[in-house]
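S.K.: After the sequence you'll find the predicted model.
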Amino acid sequence: MTLYLHNTLTQQKEPFAPLDPNRVTMYVCGPTVYNFVHIGNARPVVVFDTLFRLLNRHFPNVIYARNITDIDDKINNAAKENGEPIRVLAERYADAYHQDMGQLNNLQPTLEPYATDNIDAMIEQIQALIKNGHAYEAEGHVLFQVSTDKQYGKLSKRNMDDMIAGARVEVAPYKKEPADFVLWKPSSDDLPGWDSPWGRGRPGWHIECSAMINKHLGKTIDIHGGGMDLIFPHHENEIAQGTCCHEHGNEQFVRYWLHNGYLNIDGKKMSKSLGNFRTVRDLLQEWPGEVIRYALLTAHYRKPLDFSGDLLSSAKSALDRLYGALRESAVTVDSGVQHPQLDELEGYLLDDLNTPQALSVLHALAGEINKTTGAEKAKLQSILRKAGSFIGLLNQDAEAWFKWAPASSSGGLSDDAIEQLIQERIDAKKAKNFVRADAIRKELKDQGIVLEDSKEGTRWTRE
RNA sequence: GGCGCGAUAGCAAAGCGGUUAUGCCACGGAUUGCAAAUCCGUUGAGGCCGGUUCGACUCCGGCUCGCGCCUCCA
C-alpha cells in the first residue's frame, strides 16, 4: 500500500517515497512559548502526530522533529511585562505545552530542538548565505536579498511584483529591496542577545527552522508540516534560506510540504491577534483530552474546521459509543492482531490522512462488537483497540472513561458517595421498594450520574 | 489589486459519474419493574444557472455567497 500526501508545492496528491528508504525525516513548526497554546495551535500537532504514527507503521526509522521557539520578541515582551527572565517564562510555557499536548494523546517527537540551543547553527547558515551572495549586512542587521533567489515564491505561488504592489508594511530604510527579510537583528543591552560576526544580536524568526533542519535532519528532508498560515512568508523564507545556504543552491530543501487548514470560530480563523481563541488548557478543564483530539480528527486536515461546543459534545457522544463497545476489554494493544477492517482503516489514512473516513471504521467495528459475545467479541474489541491506536484514540480503560469528571465540577459527588447510593438502591430493589429505588436514580441523574442496570449488576457513568 | 480555498441533510463531515457514508440529534419498534446502554427501523442532502452524458452531489463553464493569505499567527 502506498501513502499519498497532498504536496503544497505541486498542489496535488502525490505518492510518498522517502529519499532514504531507511530514514524518513519530518519537521513540523512548533510553538513560540510565550503563552498557553490555543486549540488552533493543537490542530497541526494532532494532524502530524497521526501522520507520525502512520509513518512509523510503514517505515523502519522515522525522525520527527518539532521545534520550540524560545527566543522571540513576543517572549521578550511577555517576560518584560512579568518582570522575569525569558528563560523562566519560556520553560514554563514549554512545560505547559508538553502537558497539554500529552493530554491530547500526542506522542513526543523524536527530536525537539530549542532555538536558543542552536544559535551557532543559525549564525553559520547566515554566514553561508552572505558568502553565497544572498544576504547582506546593514546597520547591524543581516537581511536576505529575495531578488537573488530565482525560485522565491514557488511554494506560495506569488511573484515579487505582486507582493511589492500589495505590500502593507512600511519598508525599513536599511533594506535594499522591500521584500528582503531579516536573518539577524541587533539587540540592545536590555534584550537577550548572542555574540555574532555582526555584533550582539538575535536571530530573525525564519532562520531557526531552516538552520535546525540542516543541523539535525540534513540538507534535504522528506516532509515539512505546519499550518496554512505559515506558507507565506515563513515557509517560503525557509526554502530560500535552506537552499541558498548551500554551494550550488539547487538542492531540494523539502520534498513534501504539508499544511493543515484553519480552525475557525463562527466561520472566522481562530487566532491570537483576533482574540477569538480558546486555550487547550481551559478546554481540558471541561473535556477529556481525547474528546478534543477526536473533534480535531472529524474533519479532513486540509479543510477548515469550525470549532464549537456542539462539536465537542458530539465528539464526546461518539466516543461514548466507542468506549461502550470496549467495556470489560483489555487496554493493551495487541500488535499481532489482523482484520480486514484494519486494512480498510489504514487505506483511508494512507490516502492523504482521511481521518473522517477512518473514524467511520471505528464505528463500524463498535457496531459489530455490540452484536456479538464471547471470544468473537473479545477479538473485535482488540481490533478496535488497535484501530484506535492508529489515530491516537481509545487508549484508556472504558470504565475510567465513563467515570471521568471535569475538573471544573469539583463540587460533584465523589465516586464513593455514588457507590454508596447505588448499594442503597440495590437493597431497595431487593425489598421491591421501587419508589425508593427510582428516587435514588433521580437523585443521581440530577447530579449528572446515569445508572445502568444489567445482569452483571449496576454501573454508572457521568454524563 | 495578486494568489488560494470552500458551499452536502437539524448539526458535524466523507467517498463516489449510476448501488446505505459515518457520527450526533429527532422519531418509531424491540428490550427494561422504571431507566440507561444496545439492537432493528424511519425521516432527511448536495448554493444558483447552464453544458457534457443514457445517467451528475460527483466532470466542465458561469454566477452568487462565505473564508483565507499577501503583516506576528498553527
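M.R.: Thanks, I have it. From a predicted model like this one, the values you see are computed outputs, not experimental measurements.

S.K.: Count the neighbours of the residue of chain A found nearest RNA strand B for me.
M.R.: For chain A and RNA strand B, the shortest gap (CB to the nearest atom of the strand) falls at residue A:227, measuring 1.9 Å. Quick note: C-beta positions are derived from backbone N, CA and C, even for glycine. Per other CB atoms under 10 Å, the neighbour tally for residue A:227 reads 20.

S.K.: Could you do the one 4 residues further on as well?
M.R.: Using other CB under 10 Å, residue A:231 has 17 neighbouring residues.

S.K.: How about the secondary structure of it?
M.R.: Following DSSP: H, G, I helix; E, B strand; the rest coil, residue A:231 is assigned to helix.

S.K.: Roughly how far does it sit from residue A:224?
M.R.: From residue A:231 over to residue A:224 the distance is 11 Å, taken as CB to CB, to the nearest Å.

S.K.: Can you work out which residues contact both of these two?
M.R.: residue A:257 (CB atoms under 8 Å, 6 or more residues apart in numbering).

S.K.: just to revisit the earlier point, ok, the residue of chain A closest to RNA strand B touching residue A:270?
M.R.: No - the criterion here is CB atoms under 8 Å, and residue A:227 misses it with residue A:270 at 10.6 Å.

S.K.: For these two, list the residues in contact with both.
M.R.: Going by CB under 8 Å, 6+ apart, residues that sit against residue A:227 and also against residue A:270 are A:40, A:262.

S.K.: The lengthiest helix in chain A - what's its average pLDDT?
M.R.: The longest helix of chain A (DSSP state H) is helix A:39-58. For helix A:39-58, mean pLDDT is 96.

S.K.: got it, and stretch A:265-283?
M.R.: Regarding stretch A:265-283, the rounded mean pLDDT is 87.

S.K.: right, and the helix or strand after the longest helix of chain A?
M.R.: Once the chain leaves helix A:39-58, the next helix or strand it forms, by DSSP states H and E, is strand A:62-66.

S.K.: Only C-alpha atoms, please: export that next one in PDB.
M.R.: Below are the C-alpha coordinates for strand A:62-66, written out as PDB (Å, rounded to 0.1, in the frame of the first residue of the first chain):
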ATOM      1  CA  VAL A  62      11.100   7.900  11.200                       C
ATOM      2  CA  ILE A  63      12.800  11.000  12.600                       C
ATOM      3  CA  TYR A  64      10.200  13.600  13.600                       C
ATOM      4  CA  ALA A  65      11.500  16.900  14.800                       C
ATOM      5  CA  ARG A  66       9.300  19.700  16.200                       C
END
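
S.K.: Would you mind naming what in the stretch 301-450 of chain A lies close to RNA strand B?
M.R.: Within the stretch 301-450 of chain A, the positions near RNA strand B by CB under 7 Å from any atom of the strand are A:303-306, A:310-311, A:313-314, A:317-318, A:320-321, A:324, A:354, A:356-357, A:359-360, A:363-364, A:366-367, A:370-371, A:429, A:434, A:437-438, A:441, A:450.

S.K.: Now, of those, which are buried?
M.R.: The neighbour count (16 or more other CB atoms under 10 Å) marks A:304, A:305, A:306, A:311, A:318, A:324, A:354, A:359, A:366, A:429, A:437, A:441 as buried among these.

S.K.: ok now the longest helix of chain A, how far from the chain's centre?
M.R.: Relative to the centre of its chain, helix A:39-58 is centred 6 Å away, using CA atoms, centre = their mean, to the nearest Å.

S.K.: now it against strand A:62-66, angle please.
M.R.: 170 degrees (axes from the mean of the first three to the mean of the last three CA atoms, to 10 degrees).

S.K.: any weak-confidence spans in the stretch 201-350 of chain A?
M.R.: Across the stretch 201-350 of chain A, residues meeting the criterion (pLDDT under 70) sit at A:248-250.

S.K.: and the most centrally placed residue in chain A, what is it in contact with?
M.R.: Centroid check for chain A by CA atoms, centre = their mean gives residue A:45 as the closest residue, at 1.0 Å. Shown in contact with residue A:45 (CB under 8 Å, 6+ apart): A:28, A:66, A:101, A:104, A:106.

S.K.: swap in residue A:203?
M.R.: Going by CB under 8 Å, 6+ apart, residue A:203 touches A:71, A:115, A:119, A:122, A:183, A:184, A:185.

S.K.: what's the answer for residue A:292, then?
M.R.: A:39, A:42, A:103, A:104, A:280, A:283, A:284, A:312, A:315.

S.K.: Make sure it is indeed in a strand.
M.R.: No - if the criterion is three-state DSSP, then residue A:292 is helix and not within a strand.

S.K.: For the contacts of residue A:203, pick the one with the most neighbours.
M.R.: Neighbour max across these (other CB under 10 Å) = residue A:183, 29 neighbours.

S.K.: what secondary structure does it sit in?
M.R.: Assignment for residue A:183 (three-state DSSP): strand.

S.K.: That one contacts residue A:142, doesn't it?
M.R.: Yes - look at residue A:183 against residue A:142 with CB under 8 Å: they come within range, at 4.5 Å.

S.K.: Spell out which residues are contacts of both of those two.
M.R.: Common neighbours of residue A:183 and residue A:142, using CB under 8 Å, 6+ apart, are A:126, A:129, A:135.

S.K.: State the pLDDT value of the closest residue to the last one other than its chain neighbours.
M.R.: Excluding its sequence neighbours, the residue lying closest to residue A:135 (CB to CB, 6 or more residues apart in numbering) is residue A:129, at 3.9 Å. At residue A:129, the pLDDT value in this model is 95.

S.K.: now swap in residue A:410 and tell me
M.R.: 62.

S.K.: burial measure for the closest residue to residue A:153 other than its chain neighbours, as a count.
M.R.: Excluding its sequence neighbours, the residue lying closest to residue A:153 (CB to CB, 6+ apart) is residue A:159, at 5.5 Å. Residue A:159 is flanked by 12 other residues according to other CB under 10 Å.

S.K.: now the strands for the stretch 201-350 of chain A?
M.R.: Assigned by DSSP state E, counting those that start in this stretch, the strands in the stretch 201-350 of chain A fall at A:201-203, A:221-227, A:254-260, A:263-265, A:268-269, A:305-306.

S.K.: Show me what the second one is packed against.
M.R.: When contacts are defined as 3 or more CB pairs under 8 Å, 6 or more residues apart in numbering; DSSP states H and E, strand A:221-227 packs onto strand A:24-28, helix A:39-58, strand A:254-260.

S.K.: How about the fourth one?
M.R.: Strand A:263-265 is packed against helix A:39-58, strand A:305-306, with contacts defined by 3+ CB pairs under 8 Å, 6+ apart.

S.K.: any chance of the ones you listed in CSV, plus distance to residue A:110?
M.R.: Formatted as CSV, the helices and strands packed on strand A:263-265 follow (distance: least, CB to CB, whole Å):
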stretch, distance to residue A:110
helix A:39-58, 9
strand A:305-306, 27
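
S.K.: Out of those, which is closest to residue A:376?
M.R.: Nearest to residue A:376 among the helices and strands packed on strand A:263-265 is helix A:39-58; the distance by CB to CB comes to 25.5 Å.

S.K.: Next, see if the closest one gets close to RNA strand B.
M.R.: Yes - using CB under 7 Å from any atom of the strand, helix A:39-58 reaches RNA strand B at A:40, A:41, A:43, A:44.
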